[in-house]
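Student: this one's sequence-less:
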């Protein structure tokens with residue numbers, strides 16, 4: 001079974017990764033980019049080809065399908081989800097997946113940019129994968145294993161279960177969402193359309209990772225309107241919006257509250273985009289913390305800094321708008337840990353040592369859990385996501401697929 005999984009997983013990930021499916025936060029459409037349909041439509045075709053039932057592409061750009069139950073008794077319906085979009089943080093056009101077979105532990109130099117090198121010194125997890133088949137991009141793009149590895153795992157699991165009808169399992173729902181990377185993967189109608197009692201996202205990292213605690217997240221937009229005038233006659237008149245934007249960034253804590261200075265359970269305030277002119281500027285922030293109180297404090301601090309800079313220059317106009325994104329799934333899962341416990345049991349039965357770190361990010365499962373469908377996140381093996389050094393072990397994907405099959409069996413016990 002595992003050998004067959006490996007070949008299919010590799011072939012699927014390579015095929016999916018070649019498709020450019022980057023999301024666009026500035027777009028108001030759903031999905032945010034039309035090119036996400038290239039993969040969504042392909043998945044519809046492939047689901048039909050492997051014999052899935054109730055294959056649907058929704059109006060909001062999610063693909064849904066069903067693997068019918070093989071047990072007669074009533075058991076919970078579970079779902080497996082992955083997202084088709086890739087992050088807008090780095091180039092996703094022209095991805096050339098490369099398979100490095102039987103990795104020998106030496107540096108992996110990516111050919112299209114030889115400055116991009118994977119080494120076991122810098123990436124200790126890579127050292128644990130000697131002998132595995134490693135997939136990377138070529139050096140000038142991300143790979144897109146986040147989350148096309150998750151898609152490949154779910155599709156390979158589905159293909160296996162649809163062929164091997166003797167494997168006991170209840171009704172299984174499959175779901176592939178758009179726009180997860182920009183926080184818009186879970187449409188308000190998705191919980192109703194999914195029709196699942198519990199779910200799992202395949203969007204995690206190292207072998208054995210079972211996540212049931214994520215960041216809570218808000219987004220903040222700061223808009224600054226200055227006073228514009230010809231710079232030759234600007235003395236005493238010009239109010240430069242870019243200067244005010246820089247003051248806001250400089251006034252925020254730099255040493256204790258940015259992504260590059262925090263880890264573990266520490267939250268942060270992250271400015272990730274600044275645009276504008278001397279006349280008007282806009283700052284975009286993400287606010288993250290594991291606890292609601294910490295997240296609220298980050299928002300209040302940002303608003304206080306904006307108010308302070310506003311007070312220094314009353315001729316300007318500064319507004320700070322905070323928009324909720326998602327909340328720590330732990331708040332809901334801690335009331336019903338069965339989806340987590342079965343995931344841990346599935347790993348253990350397969351000889352995989354599970355672990356559950358709090359993840360410094362979020363998934364579609366964060367929103368789904370909040371909306372009533374408990375959805376922990378499972379490992380895929382993906383590493384160094386959102387950049388040119390992204391890589392994944394095919395053998396980690398094999399283990400993830402086996403965990404999904406085992407989960408289907410464990411849930412069939414009712």
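Tutor: Arrived safely, thanks for sending. Quick caveat, the model's predicted, so the values are computed rather than measured. Numbers count the residues shown, from 1 in each chain.

Student: list of residues touching the longest helix along the chain?
Tutor: Across the chain, the longest stretch assigned as helix under DSSP state H is helix 292-312. The contact list for helix 292-312 (Cβ atoms under 8 Å, 6 or more residues apart in numbering) reads 216-218, 220, 222, 244, 247-248, 251-253, 257, 267-269, 285, 287-289, 316-320, 322, 327-328, 331. For every residue, glycine as well, the C-beta is placed using N, CA and C.

Student: now restrict these to buried residues only.
Tutor: 216-218, 220, 222, 244, 247-248, 252, 257, 267-269, 285, 287-289, 316-318, 320, 322, 327-328 (16 or more other Cβ atoms under 10 Å).

Student: follow-up on the earlier one: the longest helix of the chain: which residues count as buried?
Tutor: Quick answer for helix 292-312 (16+ other Cβ under 10 Å): 294-295, 298-299, 301-303, 305-306, 309-310.

Student: swap in stretch 347-357?
Tutor: 347, 352, 354, 356.

Student: ditto for stretch 240-250
Tutor: For stretch 240-250, by 16+ other Cβ under 10 Å, it's 240-245, 247-248.

Student: including secondary structure, distance to residue 194 and pLDDT, could those residues go into CSV?
Tutor: Putting the buried residues of stretch 240-250 into CSV (DSSP: H, G, I helix; E, B strand; the rest coil; distance: Cβ to Cβ, whole Å; pLDDT from 0 to 100) gives the following:
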residue, secondary structure, distance to residue 194, pLDDT
240, coil, 50, 97
241, helix, 44, 97
242, helix, 45, 97
243, helix, 49, 97
244, helix, 45, 97
245, helix, 41, 97
247, helix, 46, 97
248, helix, 41, 97
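
Student: nearest to residue 101 among those residues?
Tutor: Proximity of the buried residues of stretch 240-250 to residue 101 (Cβ to Cβ) peaks at residue 245, which lies at 49.2 Å.

Student: for the residue nearest to residue 12 when sequence neighbours are not counted, list the residues it contacts.
Tutor: Spatially, and ignoring its direct neighbours in sequence, residue 12 is nearest to residue 152 (3.8 Å; Cβ to Cβ, 6 or more residues apart in numbering). By Cβ under 8 Å, 6+ apart, residue 152 lies in contact with 8-9, 12-13, 16, 397.

Student: picking up where we left off before, what would the buried residues of stretch 240-250 look like in CSV with distance to residue 205?
Tutor: Formatted as CSV, the buried residues of stretch 240-250 follow (distance: Cβ to Cβ, whole Å):
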residue, distance to residue 205
240, 43
241, 40
242, 38
243, 41
244, 39
245, 34
247, 37
248, 33
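
Student: of the buried residues of stretch 347-357, which belong to helices?
Tutor: Among the buried residues of stretch 347-357, the members falling in helices are residue 347 (criterion: DSSP H).

Student: can you tell me which two in the buried residues of stretch 347-357 are farthest apart?
Tutor: 352 and 356 (12.9 Å).

Student: quick revisit: hmm, who's touching the following helix or strand past the longest helix of the chain?
Tutor: Where DSSP states H and E defines the elements, the next helix or strand beyond helix 292-312 is strand 317-326. Residues outside strand 317-326 that contact it (Cβ under 8 Å, 6+ apart) are 183, 214-225, 244, 248, 286-287, 299, 302-303, 306-307, 309-310, 362, 366-367, 370.

Student: is the closest residue in space to residue 186 that isn't next to it in sequence in a helix, a strand, or coil?
Tutor: Once flanking residues are discounted, residue 186 sits nearest to residue 367: 3.9 Å by Cβ to Cβ, 6+ apart. In terms of secondary structure, residue 367 is helix; the call rests on DSSP: H, G, I helix; E, B strand; the rest coil.

Student: what's around residue 367, how many residues?
Tutor: Other residues within reach of residue 367, judged by other Cβ atoms under 10 Å, total 26.

Student: do I have it right that it meets residue 187?
Tutor: No. Contact criterion Cβ atoms under 8 Å: residue 367 and residue 187 do not qualify, at 9.6 Å.

Student: so what's the residue nearest to residue 328 when sequence neighbours are not counted bridging to?
Tutor: Nearest non-adjacent residue to residue 328, counting by Cβ to Cβ, 6+ apart: residue 216, 4.7 Å away. Beta-bridge partners for residue 216, by DSSP bridges, are residue 289.

Student: domains in this structure, as residue ranges please.
Tutor: 2-214+328-411, 216-325 (automatic domain parsing).

Student: most tightly packed of the ones you listed?
Tutor: domain 2-214+328-411 (a mean of 20; mean count of other Cβ atoms under 10 Å).

Student: gap between that domain and the chain center?
Tutor: Centroid separation between domain 2-214+328-411 and its chain, computed with Cα atoms, centre = their mean, to the nearest Å, is 9 Å.

Student: average pLDDT for that domain?
Tutor: Mean pLDDT, computed over domain 2-214+328-411, is 96.

Student: toward the C-terminus, what is the element adjacent to the helix or strand hosting residue 11?
Tutor: Following DSSP H and E, one finds residue 11 within helix 2-17. For helix 2-17, the following helix or strand on the C-terminal side (DSSP H and E) is helix 36-50.

Student: which residues touch the strand or helix carrying residue 202?
Tutor: Under the criterion of DSSP H and E, residue 202 resides in strand 198-204. Strand 198-204 has contacts (Cβ under 8 Å, 6+ apart) with 76, 78-83, 146-147, 149-151, 153-154, 173, 175, 180, 210-211, 338-339, 343, 359, 363-365, 368, 373-380, 382, 400, 404, 407, 411.
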